[in-house]
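# give the three-dimensional model of this entry:
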Amino acid sequence: MSQVRNPSINKPVKLTGALLAIGVILVAANMRASLTAIGPLIGTIQADTGLSGVLVGLLTTLPLIAFAVLSPIAPSIANRFGAENTLFASLLILIVGTVLRSLPSTFTLFTGTVLIGLAIAICNVLLPGLIKRHFPNSVGLMTGLYTMSMNLWASLASGISIPMAVGLGLGWRGALVIWTSISILAAIVWLPQLRSHHQEREEAQESHKGTMWKSALAWQVTLFMGLQSLAFYVTITWLPEIVQDRGYSPTAAGWMLSLMQLFSLPTSFIMPLLAGRRRSQRSFVIITFCFSLIGYLGLFVGGAALLPLWVAFIGLGGGASISLALVFIALRTRNSQQTARLSGMSQSIGYLLAAVGPSLIGWLHDWSGSWTPPLLVLLTSVVVLFIVGLGASRDAYVEQESRSSTI
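Predicted coordinates:
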């Protein structure tokens, strides 16, 4: 009798796995779109609300601060309620936050922004661990798919915000609230996963045997995440200004930012797919370093004629570095609980650096009156990223180092 029933049992398992994969991709689609959509609308929001430049700048800074604050405790929340349930709750919070941000009130504008940051922070931390648990033999593929989904929708959101607000007559509030549609779709597709959280508690006891924060490898992964985050958020904040200083129009400068995000898509998918098949990923770190070094060095010394080429290399390096950072989190840990804890540690420090980076670069530019010191800082960060990447990419587990450090 069991031989007759086994084949039919396998079909729902395969269907469930496919549905989970689609759910992961849809959750990833929500992890940047609501943030990048607001950038092109900042001027319109400021003109409509009368907010100062400092206050309107918080609309992009507050989510990063929320990432840094909530990331370390997200694994504990997931351990108590289940990763699948916690991710579903974060989607609901994201929907509420997106709606609140679009209401005609300054209070709800900032309250919604904070809720969006908290919701995305949970997704940032828990998705790598969930992939580690449900797709242990396809970590690279799933990381590539969800990173590409995240970057694709981020690029799309930044590109169509103005056309929706102005061309379709939705206004900035309508252009922002429309992104709830993707969140609602993701929540609906995620519903079948709400009963699947039985493994976390079993793995939790094992993952606490070592101290993650005492592991040199964990710190190398953390610094890799932090430095690539710093470079990304500094670049999307200041690249248009740098390009305009080279003689480009504001419209052309905006297209340069889109070009960078477009070129990040292939490496964000291909890099983890290839890296997941190797025990060590040092060769991929070297390739990523070359992409970024050529891009930022060209931006530093090159003229206006070749700017699109340098921006394309920056995009290739950025897509490779974020996907490597995420795949390191999964490959350097043994189980989903360790993955979630390393994800929380690395993303907490990472987004703290990301929140400080744009302001620091802006201060350097104001102090020096040129882009030379800021670009030197970016070039230095690329070199340090390469050094810590060589350590983060070696064939080892954080568990081994955290245990040995306590002996």
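
# pLDDT weak spots in the stretch 201-350 of the chain?
Residue ranges of the stretch 201-350 of the chain with pLDDT under 70: 201-210, 250-251.

# now with 50?
201-209 (pLDDT under 50).

# how about the helices in it?
For the stretch 201-350 of the chain, helices defined by DSSP state H, counting those that start in this stretch occupy the ranges 216-245, 250-275, 282-301, 307-331, 336-368.

# how about CSV for the ones you listed, with distance to Val189 and mean neighbour count added?
C-betas here are computed from N, CA, C, even on glycine. Converted to CSV, the helices of the stretch 201-350 of the chain look like this (distance: least, CB to CB, whole Å; neighbours: other CB atoms under 10 Å):
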stretch, distance to Val189, mean neighbour count
helix 216-245, 28, 23
helix 250-275, 21, 20
helix 282-301, 31, 20
helix 307-331, 21, 26
helix 336-368, 21, 22
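
# just send those back as JSON lines, with distance to Ser393 too.
Shown next, in JSON lines, are those (distance: least, CB to CB, whole Å):
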{"stretch": "helix 216-245", "distance to Ser393": "9"}
{"stretch": "helix 250-275", "distance to Ser393": "8"}
{"stretch": "helix 282-301", "distance to Ser393": "5"}
{"stretch": "helix 307-331", "distance to Ser393": "7"}
{"stretch": "helix 336-368", "distance to Ser393": "14"}
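
# and those helices: which comes nearest Ile22?
When the helices of the stretch 201-350 of the chain are compared by CB to CB, helix 250-275 sits nearest Ile22, at 16.3 Å.

# give me the distance between Asn124 and Leu176.
Using CB to CB, to the nearest Å, Asn124 is found at 20 Å from Leu176.

# before we move on, what about Arg282?
Distance from Arg282 to Leu176, by CB to CB: 42 Å.

# gap between stretch 231-242 and the chain center?
In terms of CA atoms, centre = their mean, to the nearest Å, the centre of stretch 231-242 is set 16 Å apart from its chain centre.

# and the contacts of that stretch?
Stretch 231-242 is contacted from outside by 36, 39, 60, 64, 250, 253-254, 256-257, 260, 292, 299, 311, 314, 318, 321-322, 354-355, 357-358, 361-362, 365, 371, 374-375, 378, 381-382, 385, using CB atoms under 8 Å, 6 or more residues apart in numbering.

# switch to 7 Å and redo it
Contacts to stretch 231-242, defined as CB atoms under 7 Å, 6 or more residues apart in numbering, come from residues 253-254, 256-257, 260, 299, 314, 318, 322, 354, 357-358, 361, 371, 374, 378, 381-382.

# how about stretch 134-149?
The contact list for stretch 134-149 (CB under 7 Å, 6+ apart) reads 20-21, 24-25, 28-29, 127, 131-132, 265, 268-270, 272-273, 275-277, 322-323, 326-327, 330-331.

# how much space between Val114 and Gly169?
Using CB to CB, Val114 is found at 29 Å from Gly169.

# ok, these two, which is more surrounded?
Using other CB atoms under 10 Å, the more surrounded residue of Val114 and Gly169 is Val114, with 17 against 8.

# list the contacts of that one.
62, 66.

# now do the one 4 residues further on
By CB under 7 Å, 6+ apart, the residues touching Leu118 are 66, 70, 93.

# now do 8 Å
Leu118 touches 66, 70, 90, 93, 97, counting by CB under 8 Å, 6+ apart.

# quickly find the element holding it.
helix 106-134 (DSSP states H and E).

# tilt between that helix and helix 336-368?
Angle between the axes of helix 106-134 and helix 336-368 is 140 degrees (criterion: axes from the mean of the first three to the mean of the last three CA atoms, to 10 degrees).

# beyond helix 106-134, next helix or strand please.
helix 139-162.

# can I get that next one in PDB? Just the C-alpha atoms.
What follows is helix 139-162, C-alpha atoms only, in PDB (Å, rounded to 0.1, in the frame of the first residue of the first chain):
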ATOM      1  CA  VAL A 139      21.300  28.200  -1.900                       C
ATOM      2  CA  GLY A 140      23.100  30.000  -4.800                       C
ATOM      3  CA  LEU A 141      20.200  29.700  -7.200                       C
ATOM      4  CA  MET A 142      17.600  31.000  -4.700                       C
ATOM      5  CA  THR A 143      19.900  33.800  -3.400                       C
ATOM      6  CA  GLY A 144      20.400  34.800  -7.000                       C
ATOM      7  CA  LEU A 145      16.700  34.800  -7.800                       C
ATOM      8  CA  TYR A 146      15.700  36.800  -4.800                       C
ATOM      9  CA  THR A 147      18.500  39.300  -5.100                       C
ATOM     10  CA  MET A 148      17.700  39.900  -8.800                       C
ATOM     11  CA  SER A 149      14.000  40.300  -7.900                       C
ATOM     12  CA  MET A 150      14.900  42.800  -5.200                       C
ATOM     13  CA  ASN A 151      17.100  44.800  -7.500                       C
ATOM     14  CA  LEU A 152      14.800  44.600 -10.500                       C
ATOM     15  CA  TRP A 153      11.800  46.000  -8.600                       C
ATOM     16  CA  ALA A 154      14.000  48.600  -6.900                       C
ATOM     17  CA  SER A 155      15.100  49.800 -10.300                       C
ATOM     18  CA  LEU A 156      11.500  49.800 -11.700                       C
ATOM     19  CA  ALA A 157      10.200  51.700  -8.700                       C
ATOM     20  CA  SER A 158      12.700  54.500  -9.000                       C
ATOM     21  CA  GLY A 159      12.100  54.700 -12.700                       C
ATOM     22  CA  ILE A 160       8.300  54.900 -12.800                       C
ATOM     23  CA  SER A 161       7.600  57.000  -9.600                       C
ATOM     24  CA  ILE A 162       7.600  60.300 -11.500                       C
END
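
# helix or strand right after that helix?
helix 171-177.

# which helices and strands sit right next to the helix or strand following that following helix?
Once the chain leaves helix 171-177, the next helix or strand it forms, by DSSP H and E, is helix 180-190. When contacts are defined as 3 or more CB pairs under 8 Å, 6 or more residues apart in numbering; DSSP states H and E, helix 180-190 packs onto helix 2-29, helix 83-101.

# what is the helix or strand following the longest one packed up against?
Looking back up the chat, that one is helix 2-29. Toward the C-terminal end, the helix or strand that comes next after helix 2-29 (DSSP H and E) is helix 33-36. Applying 3+ CB pairs under 8 Å, 6+ apart, we find helix 33-36 packed against helix 106-134, helix 139-162.
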